[in-house]
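J.: Using only what follows, build the 3D model:
(chains A and B)
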Amino acid sequence: MKHRTRLHSEQEQQQTVAENQARQTASREFATVEELLRHDAAQTTVPPGIARRLEKSIGQTQPLPQSWWKSLLGL
Amino acid sequence: MVKSPVDEPLLDEERPETRSLAPDFAQVYQEHSRAIYYLALRLLGDPQKAEDATHDVFLKAFRKLDQFRGQAAVRTWLYRIAINHCRNLQVTWHQRHVLSGADEAVWDHTAAPGDSPLRVLEIKELGRRIQTVLDALPEEYRLLLLLVADEELSYEEVGALTEQTCDAVRGKLHRARKLFAALFQKTE
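T.: Have a look, this model is predicted:
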């Protein structure tokens, strides 16, 4: 029982250490607002659907220049 | 000029979705889509609206590509289209955010956290916190901070985009930083 309690306590300690390490990794300090915003922008992913929609919209507004599909087909 | 990760163009292999756009325009999209999407996201505060806006901005740019004479950098030109587009959307949706009940003079006399580092404990919540603060800022401050954060833009270009002098940009920027930092601390 005593052994079990000590094991449990050690596990708790290890868990706390792991949580603290994770928190330290997650926390960060930014010197300026701009730096904070740059970090936020760098973490932002552009949805891939925009390029697909754009391609479709461009295709609808004007016929594709020959060079486009030629280059696509490697001609 | 130091390039920020925001401006780092991705190679074709990393962005397969742009392969079928016209070669020149695909390059424009690759180099600037992140900056334009980010601006739209933080101005509009909604990922779906930002996606639509980014699509519309680049479509407008594509249609007017032959009118682009190179007096301004492509990035500045795209920003101008994006700012106008987002403003029109905000007017249409009646979603103009006004600094609610906050008097700028009050912030001018508060302790100046604008000069202190901004400490973030939970990175995963960062986007939500930034959006909350930006939404609470006057539109002019919000736009200034977002533009100045882009290292590719000079103060002159930011001034041109926001129709004011460099000195005015610097003065307002100081207050905008201060207000942002004060509000950011409150979001913890």
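J.: How many neighbouring residues does B:L41 have?
T.: Residues near B:L41, counting by other CB atoms under 10 Å in any protein chain shown, number 24. (Each C-beta comes from the backbone N, C-alpha and C, glycine too.)
J.: Equivalent analysis for the one 4 residues further on, please.
T.: The criterion is other CB under 10 Å. On that basis, B:G45 has 17 neighbouring residues.
J.: likewise B:A73?
T.: One way to gauge burial is a neighbour count; for B:A73, by other CB under 10 Å, it gives 14.
J.: Repeat that for B:A50.
T.: Under the criterion other CB under 10 Å, the count of neighbours that B:A50 has is 24.
J.: give me the low-pLDDT residue ranges for chain B?
T.: B:1-23, B:71, B:93-116, B:120-124 (pLDDT under 70).
J.: can I see the domain layout of it?
T.: Domain segmentation of chain B under automatic domain parsing yields B:5-93, B:104-186.
J.: With distance to chain A as added columns, please give these in TSV.
T.: Formatted as TSV, the entries for these read as follows, by distance: least, CB to the nearest CB, whole Å:
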stretch	distance to chain A
domain B:5-93	4
domain B:104-186	4
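J.: Next up, the contacts around the nearest residue to B:K60 once chain neighbours are set aside.
T.: Residue nearest to B:K60 in three dimensions, not counting chain neighbours: B:I81, with 5.4 Å by CB to CB, 6 or more residues apart in numbering or on different chains. The contact partners of B:I81, by CB atoms under 8 Å, 6 or more residues apart in numbering or on different chains, come to B:57, B:60-61.
J.: My guess is A:S57 contacts B:K60. True?
T.: No: under the criterion of CB atoms under 8 Å, A:S57 is not in contact with B:K60, lying 10.5 Å apart.
J.: got the phi/psi numbers for the residue nearest to B:K60?
T.: For B:I81, the backbone dihedrals are phi -60, psi -40 (criterion: degrees, to the nearest 10).
J.: Next one: it from B:Y155, what distance?
T.: Using CB to CB, to the nearest Å, one obtains 21 Å as the distance from B:I81 to B:Y155.
J.: got any ranges where chain A has weak pLDDT?
T.: A:1-26, A:62-75.
J.: so which strand or helix has the nearest residue to B:R119 once chain neighbours are set aside?
T.: Excluding the flanking residues, the one nearest B:R119 by CB to CB, 6+ apart is A:E29, at 5.2 Å. When elements are assigned from DSSP states H and E, A:E29 belongs to strand A:28-30.
J.: Which strands border that strand, and is each parallel or antiparallel?
T.: According to DSSP bridges, strand A:28-30 has the following sheet partners: strand B:118-120 (antiparallel).
J.: and the following helix or strand past the partner strand, what does it pack onto?
T.: Moving toward the C-terminus from strand B:118-120, the next helix or strand (DSSP H and E) is helix B:126-136. Packing contacts for helix B:126-136, counted by 3 or more CB pairs under 8 Å, 6 or more residues apart in numbering or on different chains; DSSP states H and E, involve helix A:33-43, helix B:23-44, helix B:139-148, helix B:166-186.
J.: As a markdown table, those helices with distance to A:T61 would be great.
T.: Shown next, in a markdown table, are the helices and strands packed on helix B:126-136 (distance: least, CB to CB, whole Å):
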| stretch | distance to A:T61 |
| --- | --- |
| helix A:33-43 | 30 |
| helix B:23-44 | 13 |
| helix B:139-148 | 29 |
| helix B:166-186 | 36 |
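J.: Much appreciated, bye for now.
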